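# below: sequence and its predicted model.
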Amino acid sequence: MRQAGTFSGILSGGISGRTGPHSLPLARIKKIMKKSGEDVKMISGEAPIVFSKACELFIEELTLRSWMMTLEGKRRTLHKDDVASAVMTTDIFDFLADMVSDSGNGRVIPEAIEEGMVVET
């Protein structure tokens with residue numbers, strides 16, 4: 001069985017010295033994984049750990065891009081419209097566009113104006 005290397009830090013730390021500190025509940029991640037399809041029956045102990053780390057990285061990246069939108073608006077509080085703008089201006093978040101497109105605040109994304117297309121979030 002292939003295991004995470006010592007350089008990854010995914011399996012280091014924790015009480016047992018194996019599981020590591022997780023900010024997302026592994027039981028909840030495992031439950032979501034099982035609900036993803038009828039064919040998913042067994043999940044190894046390491047898989048939710050990897051998903052937990054992936055979720056943390058995803059949240060971190062989306063937050064940083066949203067924070068950039070907050071600063072462009074000369075504010076110090078991140079709003080849902082900032083998240084929507086970050087999603088709409090970042091290609092890797094295209095899969096979330098339908099979720100944030102109905103925010104309807106009428107704010108135009110500056111990068112969209114430069115590219116000749118106006119997108120409202």
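It's in.
# just after the helix or strand encompassing residue 28, pick out the following helix or strand.
Residue 28 is part of helix 26-35 when elements are defined by DSSP states H and E. Sequence-wise, the next helix or strand downstream of helix 26-35 (DSSP H and E) is helix 46-72.
# can you list the buried residues in that next one?
In terms of neighbour count (16 or more other C-beta atoms under 10 Å), helix 46-72 has its buried residues at 46, 48-49, 51-53, 62, 65-66, 69-70. Where you see a C-beta, it was placed from the backbone N, CA and C, and this is true even at glycine.
# between those residues, which sits nearest residue 95?
Closest approach between those and residue 95, by C-beta to C-beta: residue 62, at 11.9 Å.
# residue 56 touches residue 21, doesn't it?
No - counting by C-beta atoms under 8 Å, residue 56 does not reach residue 21; the two are 10.7 Å apart.
# what about the nearest residue to residue 93 once chain neighbours are set aside, how many neighbours?
In space, and not counting its chain neighbours, residue 93 is closest to residue 87: 4.4 Å by C-beta to C-beta, 6 or more residues apart in numbering. Counted with other C-beta atoms under 10 Å, the neighbours of residue 87 add up to 24.
# so residue 87 versus residue 40, what's the distance?
28 Å (C-beta to C-beta, to the nearest Å).
# that older thread, redo the buried residues of helix 46-72 as a markdown table? Include pLDDT and distance to residue 32.
Below are the buried residues of helix 46-72 laid out as a markdown table (pLDDT from 0 to 100; distance: C-beta to C-beta, whole Å):
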| residue | pLDDT | distance to residue 32 |
| --- | --- | --- |
| 46 | 93 | 16 |
| 48 | 94 | 9 |
| 49 | 94 | 14 |
| 51 | 94 | 8 |
| 52 | 95 | 11 |
| 53 | 94 | 15 |
| 62 | 97 | 18 |
| 65 | 97 | 24 |
| 66 | 97 | 23 |
| 69 | 96 | 28 |
| 70 | 97 | 29 |
